[in-house]
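Peer 1: Kindly return the folded structure for what I paste below:
(one chain, ligands or ions: 1)
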Amino acid sequence: VDRYAVMGNPIAHSKSPQIHRMFAEQTGQALRYDALLVPEDGFAEAVTNFLYRNDGKGLNVTVPFKQQAWELADRLSERAEPAGAVNTLMFRDGTLYGDNTDGAGLVRDLTRNHGVELKDKRILMLGAGGAARGVMLPLLEQQPASLHIANRTVLRARELVERFEEFGDLSASGFDAIHGNFDVIINATAAGLGGEVPPLPDNVIDKHTLCYDMMYSSEPTAFVRHCIEHNAAKALDGLGMLVEQAAESFRLWRGVMPDTLPVIEALRNS
Ligand code: ATR
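Peer 2: Reported below is the predicted structural model:
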């Protein structure tokens with residue numbers, strides 16, 4: 001059977017094998033999908049082994065290898081290029097092709113699964129690392145009215161603004177200098193890993209605000225809890241994004257788009 005895998009470090013808690021197995025079952029595709037723990041300094045070698053020697057058909061890439069995957073790819077999709085990160089690798093026309101499906105996954109979860117229109121909305125992005133950069137272009141393609149990037153290290157937020165300036169109305173600041181409220185707030189910081197929430201001024205979350213945490217865990221995340229406590233209209237975690245980015249990879253590899261809603265539901269209940 002055709003082989004696929006996700007590479008990361010750590011990788012034990014990855015939901016990707018479960019998600020792709022459900023996609024395969026649902027679409028009647030025969031494939032195998034494994035989670036592979038790759039040593040920090042062994043990524044390129046692991047990719048070569050999997051795709052060339054073991055005849056693997058495609059790879060997902062997660063922390064901490066997304067930037068290395070971007071460098072390794074011979075050819076990049078239009079959306080992976082400015083993202084500076086690749087989460088999907090495959091062979092195409094004899095070359096190693098890299099794509100980034102994270103942004104499409106986020107946008108699809110917001111717009112399709114939750115009916116949140118982004119056009120003409122004022123968006124606040126928390127964080128300016130790889131996770132934020134990876135979703136910037138697909139977000140801006142939705143033509144929001146504006147996108148403000150707030151980050152602990154203001155310089156990184158400014159760099160992100162410079163990089164994507166031509167695609168929309170962008171601005172940057174530290175958390176303490178965020179002004180006014182927002183229609184949509186997206187948390188792309190790693191603060192949640194330590195159970196923390198970026199220190200936001202009080203009036204940033206309004207009763208019409210939709211909050212989205214790109215992180216997901218079986219319990220409500222710290223950011224989701226914070227937004228609910230501050231009376232946000234809605235607070236969503238990143239489970240839908242996780243499944244949607246996987247579906248987009250699956251579509252690239254197999255040419256068929258799986259039905260994501262039953263998979264999201266199955267994971268939510270498991
Ligand atoms: P990732 O790929 O997850 O984005 P990263 O590139 O290391 O990883 O970026 C982590 C992001 O989370 C950054 O925006 C980081 O802020 P700095 O740029 O100031 O480091 C942010 N971050 C991490 N821990 C945080 C915390 N405790 N509070 C607020 N922001 C945090």
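
Peer 1: For the protein, just list every one of the strands.
Peer 2: Along the chain, the segments classed as strands by DSSP state E run 2-8, 31-37, 58-61, 75-76, 88-92, 95-99, 122-126, 146-150, 170-173, 184-187, 210-213, 234-236.

Peer 1: Burial check on the closest residue to Val256 other than its chain neighbours, number of neighbours?
Peer 2: Computed as C-beta to C-beta, 6 or more residues apart in numbering, the closest residue to Val256 that is not its neighbour in sequence is Thr27, at 5.1 Å. For the C-beta atoms, the positions are set from N, CA and C on the backbone; glycine is no exception. Residues lying near Thr27 (other C-beta atoms under 10 Å) number 16.

Peer 1: what comes up buried for stretch 113-133?
Peer 2: For stretch 113-133, a neighbour-count test (16 or more other C-beta atoms under 10 Å) marks 113, 116, 118, 121-133 as buried.

Peer 1: just those that are near the ligand?
Peer 2: When contact is defined as C-beta under 6 Å from any ligand atom, the buried residues of stretch 113-133 meet the ligand at 127-132.

Peer 1: Specify which member of those is nearest to the ligand.
Peer 2: Set against the ligand, the nearest of these by C-beta to the nearest ligand atom is Gly129 (1.9 Å).

Peer 1: Mind jotting down where the helices sit in the stretch 1-150 of the chain?
Peer 2: Taking DSSP state H, counting those that start in this stretch, the helices of the stretch 1-150 of the chain run over residues 16-27, 43-48, 66-72, 80-83, 102-108, 130-140.

Peer 1: Show me which residues of the fourth one are buried.
Peer 2: It stands for helix 80-83. So for helix 80-83, counting by 16+ other C-beta under 10 Å, buried means 80, 82-83.

Peer 1: circling back: please name the residues that touch the residue nearest to Val256.
Peer 2: For Thr27, the contacting residues are 254, 256, 258, by C-beta atoms under 8 Å, 6 or more residues apart in numbering.

Peer 1: if we can go back for a sec, output the ones next to the ligand among the buried residues of stretch 113-133 as CSV; include the columns pLDDT.
Peer 2: As requested, those are arranged in CSV below (pLDDT from 0 to 100):
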residue, pLDDT
Gly127, 98
Ala128, 98
Gly129, 95
Gly130, 92
Ala131, 94
Ala132, 97
